[in-house]
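[1] After the sequence you'll find the predicted model.
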Amino acid sequence: ELKVEQNPLFLSMQEGKNYTIYCNYSTTSDRLYWYRQDPGKSLESLFVLLSNGAVKQEGRLMASLDTKARLSTLHITAAVHDLSATYFCAVDRDDKIIFGKGTRLHILP
Amino acid sequence: DSGVTQTPKHLITATGQRVTLRCSPRSGDLSVYWYQQSLDQGLQFLIQYYNGEERAKGNILERFSAQQFPDLHSELNLSSLELGDSALYFCASSVQRGAGDTQYFGPGTRLTVL
């Protein structure tokens, strides 16, 4: 059974700092996704990672994938308040998508 | 605005009832996905349709069913509703079900079962 674990589940950090959210999954997968959800809002797709060693960057966010370790990371560089949100990773195997519990990120000014 | 529309935005109903949620994908998108988000279960993938055909099925209950019509809009039917079905239901669309496909999410339908 495919399981997806994110950590931490809650993160409070200062503006300007760097931090990493981790996403571990239990079996091989076809694709890995990162999403953002603002409070009371819908989801927004951030990244789709397809292969081992894949790295994608958008602004202050960078996602990477290590399929051998079954690990993806979402790195936040020089955090700003606007990045406060809940971030979900999800793993796709045989077209079935399993989500992590989400990381609630709170960035303090 | 993602270009994906969902109706209604809110729905309040009673246990045992049946409801239909509607999703219109972005213009040109062939795939529609349905998700459920609740405090108890978190985010769950329910089902995916591609160009009118069921493509993948996740944790969708037998009381729930969906379809995608020739105009590509989709409906999610929930029957014999229980209190635990109260949740946010999102649909998303993408161009196709290929590798690296980005999904665009609708604003969601908040279902409350009393």
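    In hand now; what should we look at?
[2] same for the lengthiest strand in chain A, what does it pack against?
    In chain A, assigned by DSSP state E, the strand with the most residues is strand A:85-93. On a contact count with 3 or more C-beta pairs under 8 Å, 6 or more residues apart in numbering or on different chains; DSSP states H and E, strand A:85-93 meets strand A:4-7, strand A:19-25, strand A:31-37, strand A:71-76, strand A:96-99, strand A:103-108, strand B:42-50. For glycine as for every other residue, the C-beta is placed from the backbone atoms N, C-alpha and C.
[3] Show me what counts as buried in it.
    Across strand A:85-93, burial judged by 16 or more other C-beta atoms under 10 Å in any protein chain shown covers A:85-92.
[4] Give me the angle between that strand and strand A:31-37.
    160 degrees (axes from the mean of the first three to the mean of the last three C-alpha atoms, to 10 degrees).
[5] Run the chain-centre distance for strand A:85-93.
    From the chain centre to the centre of strand A:85-93 is a distance of 6 Å (C-alpha atoms, centre = their mean, to the nearest Å).
[6] Direction included, what does it pair up with?
    Sheet pairing of strand A:85-93 (DSSP bridges) gives strand A:31-37 (antiparallel), strand A:96-99 (antiparallel), strand A:103-108 (antiparallel).
[7] out of these, nearest to residue B:42?
    strand A:96-99 (6.2 Å; C-beta to C-beta).
[8] Distance to residue B:12, mean pLDDT and mean neighbour count added to the helices and strands packed on strand A:85-93, as CSV?
    Shown next, in CSV, are these (distance: least, C-beta to C-beta, whole Å; pLDDT from 0 to 100; neighbours: other C-beta atoms under 10 Å in any protein chain shown):
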stretch, distance to residue B:12, mean pLDDT, mean neighbour count
strand A:4-7, 32, 96, 17
strand A:19-25, 35, 96, 19
strand A:31-37, 23, 95, 22
strand A:71-76, 36, 96, 19
strand A:96-99, 26, 90, 21
strand A:103-108, 27, 96, 17
strand B:42-50, 21, 94, 21
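[9] nearest residue to the residue of chain A found nearest chain B other than its sequence neighbours?
    Minimum separation of chain A from chain B (C-beta to the nearest C-beta) falls at residue A:95, amounting to 3.5 Å. Nearest residue to residue A:95 in three dimensions, chain neighbours excluded: residue B:56, at 3.5 Å (C-beta to C-beta, 6 or more residues apart in numbering or on different chains).
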